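In: Sharing a model prediction with you, sequence too.
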Amino acid sequence: MHKRWLLLAVTGLLGSVVSAGTLAEGALAQKIQATSPAYLNHFRYMRYYLPTQHITEPLGLWERWFSFDSSGEQERALAFYLFNMYAISHSSQQSFSASLDLNKVGVLDGFMLTREPFDFKNASAFYQRHYPEVQAWLHQFFSGKKFPWPLPTQEDYLRWVSLLETLPQHRKQAVYTWPRPNKLQNSLPEQAARLFAAVVNKAEKNVQKRVVLYDRPDARLEDLDHNIGVHAAHRKRTYRWVKEECYFSSYITAKILTAQVISQPKIWKDTRIYLMTVYSKQGEFLKPANGSRFTLANGKTGAPWRYHTAVFVVLPYRNSYVPVVLDLLLNGNKAVSLEDWLARFDSQVVFQAVPFVREQVTEIALRVPDKITADTVWVDGKSYQPAEVMH
């Protein structure tokens, strides 16, 4: 699989932008259903991001160099984290631990959507410098809410902030560890699985005909020598079929699901959609639970993976919640429980869960070819050659 950073070459920008402040948040449920399992109660209290069709745009050059101040987003993200740590610590009856495992998925959502990475190693210093602003956000989050437990103390906040400094990271983002034990285990009811059938079938057909385009400058030595010839701009244009790319096939699946959730709000009320990426904690490549290579949904053996991305959904269902995974590469057009999906992986991994948002650079890169000749695809009159496969 190709690293996601290759996509950035489409526009030549340093990165894509997601602003937590532009997304509407889901309202907190006010009551706990007595029939809901204790380990899933926390989803009723946590803040989260509603699915949206808004397409985020990258920061402009001027903003990136001069005018963008990330502290406001990060203050809000830290308050978001502290609020969710309070909710999950009480409602799910999870004891405090020295790491964040996947049982606490959602507490890091705010950090995932800031335009500049939060400095987790210096979280305590940030909290001290921005204490009034963080507390103002917390006051707003707690305002008008009633909980059956005492409100957090300053000691609670300091402990949760200190925890951020110890978390494992991947590319400057904190990640979740393997859940031990897995308190999110929940079988996928047949009726719930049927909700996803049309979504996954549509996604599977959609990815079959699309490619992801990589359009990058291709500098040559003669271009750097001012005494040689005429200097023309060289481009390296390559492509990969989306059906072979876990990130882009998951992006399309999440996009289709988002449209479904928005069009049927009563059926999908309070559903949360993430792009979940797994990285190896030890070594460069992911390892399956059995064997040396992953077996794909089509029965073929996959190439070595440095990461793997799927769609992770938290689905409210019959007064409870069901964690669901949509993974075209590993499971085809079948939705599976989180527990079944995790069983495919060796446990020496970490997880990054990012609330799904549509991104301009990704939308531009996903195209249906105008024509195909041998291994070459043509889009807007330009030819693209197959990209190298990273092993």
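Out: Arrived safely, thanks for sending. Numbers count the residues shown, from 1 in each chain.
In: Residue 332 is in contact with residue 298, correct?
Out: Yes. Here residue 298 lies in contact with residue 332, judged by C-beta atoms under 8 Å, at a distance of 7.3 Å. All C-beta atoms are positioned from the backbone trio N, CA, C, and that covers glycine.
In: For these two, work out which one has more neighbours and name it.
Out: For residue 298 versus residue 332, the count of surrounding residues by other C-beta atoms under 10 Å is larger for residue 332: 13 against 10.
In: wouldn't the more buried one be in contact with residue 204 here?
Out: Yes. Using C-beta under 8 Å, residue 332 makes contact with residue 204 at a distance of 7.0 Å.
In: Need the residues touching each of these two.
Out: Here residue 332 and residue 204 have no joint contacts, going by C-beta atoms under 8 Å, 6 or more residues apart in numbering.
In: Buried by neighbour count: which residues of the host helix or strand of residue 207 qualify?
Out: Per DSSP states H and E, residue 207 falls inside helix 190-208. Of the residues in helix 190-208, 192-193, 195-196, 199-200, 202-204, 206-207 count as buried by neighbour count, 16 or more other C-beta atoms under 10 Å.
In: Quick check: next helix or strand after it?
Out: Next along the chain from helix 190-208, counting by DSSP H and E, comes strand 211-217.
In: who does that next one pair up with?
Out: Applying DSSP bridges, strand 211-217 is found paired with strand 235-241 (antiparallel), strand 366-367 (antiparallel).
In: elements contacting the helix holding residue 207?
Out: Applying 3 or more C-beta pairs under 8 Å, 6 or more residues apart in numbering; DSSP states H and E, we find helix 190-208 packed against helix 246-263, strand 307-317, strand 320-326, helix 328-331.
In: And for the shortest one, what's in contact with it?
Out: Spelled out, it's helix 328-331. 200, 203-204, 207, 243, 246, 249-250, 253, 294, 296-297, 302, 308, 310, 325, 341, 344.
In: give me that answer again for 10 Å
Out: With C-beta atoms under 10 Å, 6 or more residues apart in numbering as the test, helix 328-331 has contacts from 1, 200, 203-204, 206-208, 242-246, 249-250, 252-253, 288, 294-298, 302, 305, 308-311, 325, 334, 336, 340-341, 344-345.
In: returning to that earlier point: dump the strands paired with strand 211-217 into CSV; add distance to residue 117, mean neighbour count and mean pLDDT as well.
Out: Formatted as CSV, these follow (distance: least, C-beta to C-beta, whole Å; neighbours: other C-beta atoms under 10 Å; pLDDT from 0 to 100):
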stretch, distance to residue 117, mean neighbour count, mean pLDDT
strand 235-241, 27, 17, 91
strand 366-367, 25, 19, 97
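In: Using TSV, lay out those together with distance to residue 283.
Out: Shown next, in TSV, are these (distance: least, C-beta to C-beta, whole Å):
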stretch	distance to residue 283
strand 235-241	24
strand 366-367	31
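In: so which of those strands gets nearest residue 123?
Out: Smallest distance to residue 123 across those (C-beta to C-beta): 35.9 Å, for strand 366-367.
In: who touches that closest one?
Out: Strand 366-367 is contacted by residues 7, 10, 206-207, 209-213, 239, 242, 245, 248, 251-252, 255, 377, 379-380, 384 when judged by C-beta under 10 Å, 6+ apart.
In: switch to 6 Å and redo it
Out: Defining contact as C-beta atoms under 6 Å, 6 or more residues apart in numbering, one finds that strand 366-367 is touched by 210, 212-213, 379.
In: Ok, stretch 346-357 next?
Out: Here stretch 346-357 makes contact (C-beta under 6 Å, 6+ apart) with 18, 49, 56, 102, 105, 109, 112, 168, 175-178, 254, 273-282, 287, 289.
In: just stretch 153-173 next, same as before
Out: Residues external to stretch 153-173 that are found in contact with it (C-beta under 6 Å, 6+ apart): 82, 85, 117, 120-121, 123-124, 127, 174-175, 279, 350.
In: buried subset of those residues?
Out: 82, 85, 117, 120, 123, 127, 174-175, 279, 350.
In: possible to save those as TSV with distance to residue 356 and secondary structure?
Out: Listed next are the buried ones among the contacts of stretch 153-173 as TSV, based on distance: C-beta to C-beta, whole Å; DSSP: H, G, I helix; E, B strand; the rest coil:
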residue	distance to residue 356	secondary structure
82	23	helix
85	22	helix
117	19	coil
120	22	helix
123	25	helix
127	28	helix
174	18	strand
175	17	coil
279	18	strand
350	19	strand
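In: Quick check on residue 209: phi, psi?
Out: With angles defined as degrees, to the nearest 10, residue 209 sits at phi -110, psi 0.
In: Which residue is the nearest non-sequential neighbour of it?
Out: residue 368 (5.4 Å; C-beta to C-beta, 6 or more residues apart in numbering).
In: One more: residue 178?
Out: Looking at residue 178 with C-beta to C-beta, 6+ apart, the closest residue is residue 347, at 4.7 Å.
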